[in-house]
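> how would this look folded up:
(one chain, ligands or ions: 1)
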Amino acid sequence: TDKKDLNEKNILITAGPTIESIDPVRYITNRSSGKMGYSIAAEAVKRGANVTLISGKTNLDIPVGVKKFIEVESADDMYNVVMENLENNDIIIKSAAVADYKPKYKQSKKIKKSDEDLCIELDRNYDILKEIGKMKKNKVLVGFAAETNDLIENAKKKIKNKNLDFIVANDLTQEGAGFGVDTNIVKIIDKNGNIEQYPKMSKSDIANIILDKIKLLLK
Ligand code: PMT
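Numbers count the residues shown, from 1 in each chain. Below you'll find the predicted structure:
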């Protein structure tokens, strides 16, 4: 699209994985490459938006034209940076894969191995999207749902819990969908329960479908 139909819209996008530190050498993370979120950022820039991209660590180049780029490590970092940038943005798209749990105790020294099994206790992280949902007001709020089973049912629960306008649900069991790849296979479900199903597409094409839907909500 060459049209600047999102001119001057302020969009906050999160992308990539979080890293939850166990000790100075080890961590818990997930398989997110950042491609989905970076594609949304790149397409939003092309359409004229002022994009703030808050990203976990990825191997990707920062999309050209992004107004503000902030790299974060943990879910707590992401929570803080998202909250600091919330007020200036009317559209929030949360494609980051945020860890639900973090190690309960921060070890300042490397954990030594012993002959015993090791158990690492985990604490809940904030659900960033749920917290944003509580203060939504007129903002457009878009979430993702990464599921391996009961895709629609789980995605619908997330729309309600997190007070979303719509959710982009990817079925991780399908080849060419979800983590790491350049394509995705998604269903978009809105808060009224309408479901749109899309075939396998590039993450850039899906980004534009998401942005088209947001544009309709802004009217
Ligand atoms: O990065 P790629 O390799 O391109 O892969 C893309 C993707 C699979 C990561 C992406 O398409 C995707 O589905 N992102 C969301 C992954 C996820 O964490 O889904 P979830 O169903 O666990 O979470 C639901 C929503 O709540 C998400 O919008 C998530 O950002 C948000 N969330 C989750 C947990 C948490 N503690 N805070 C959150 O804000």
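> check whether the helix or strand N161 falls within contacts the ligand.
Per DSSP states H and E, N161 falls inside helix 151-162. Yes - counting by CB under 6 Å from any ligand atom, contacts between helix 151-162 and the ligand involve K158. Backbone N, C-alpha and C define where each C-beta goes, glycine included.
> Also stretch 206-219?
No - Stretch 206-219 lies out of reach of the ligand by CB under 6 Å from any ligand atom, never closer than 8.7 Å.
> Please enumerate residues in contact with that stretch?
Identification of contacts with stretch 206-219 by CB atoms under 8 Å, 6 or more residues apart in numbering yields 1, 5-6, 9, 36, 39-40, 42-44, 47, 90-91, 93, 140, 142, 165-166, 168, 184, 186, 188, 198, 201.
> Any chance of a ChimeraX selection covering the buried ones in these?
A single ChimeraX command selects the buried members of the contacts of stretch 206-219 (16 or more other CB atoms under 10 Å):
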select :6,9,36,39,40,42,43,44,47,91,93,140,142,165,166,168,184,186,188,201
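> can you tell me which of the contacts of stretch 206-219 are up against the ligand?
M36.
> Quickly note the distance from the spatially most central residue of the chain to A146.
By CA atoms, centre = their mean, the chain has its centre lying nearest to S95, at 1.9 Å. Remark: distance between S95 and A146 (CB to CB, to the nearest Å) = 10 Å.
> any common contacting residues for those two?
Common neighbours of S95 and A146 (CB under 8 Å, 6+ apart) do not exist.
> quick one: contacts for the residue nearest to the centre of the chain?
With CB under 8 Å, 6+ apart, S95 has these contacts: 13-15, 36-37, 40, 144, 168.
> Contacts for the helix holding N161, please.
In contact with helix 151-162 (CB under 8 Å, 6+ apart) are residues 127, 129-130, 132-133, 141, 143, 145, 147, 164, 166-167, 169, 171, 187, 189-191, 193, 195.
> number of nearby residues for A41?
By other CB atoms under 10 Å, 32 other residues sit near A41.
> pretty sure it is in a helix, no?
Yes - assessed by DSSP: H, G, I helix; E, B strand; the rest coil, A41 belongs to a helix.
> residues contacting it?
Contacts of A41 by CB under 8 Å, 6+ apart are 13, 15, 51, 53, 63, 66.
> neighbour-wise, which of the residues you listed leads?
Counting neighbours by other CB under 10 Å, I13 comes out on top of those with 29 neighbours.
> can you pull the buried residues of the helix holding N161?
Residues 151-152, 155-156, 158-159, 162 are the ones in helix 151-162 that count as buried (16+ other CB under 10 Å).
> and the longest strand along the chain, C-alpha only, in CSV?
Secondary structure of the chain read by DSSP state E shows that its longest strand is strand 140-147. Coordinates of each C-alpha in strand 140-147 appear next as CSV, following Å, rounded to 0.1, in the frame of the first residue of the first chain:
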residue,chain,number,x,y,z
VAL,A,140,-7.8,0.6,20.1
LEU,A,141,-6.4,-2.5,21.8
VAL,A,142,-5.3,-5.5,19.7
GLY,A,143,-3.8,-8.7,21.2
PHE,A,144,-2.5,-11.9,19.8
ALA,A,145,-3.3,-15.5,21.0
ALA,A,146,-0.7,-18.2,20.4
GLU,A,147,-2.5,-21.5,20.9
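> which helices and strands sit right next to it?
strand 91-94, helix 128-134, helix 151-162, strand 166-171, helix 203-218 (3 or more CB pairs under 8 Å, 6 or more residues apart in numbering; DSSP states H and E).
> I appreciate the help and will end here.
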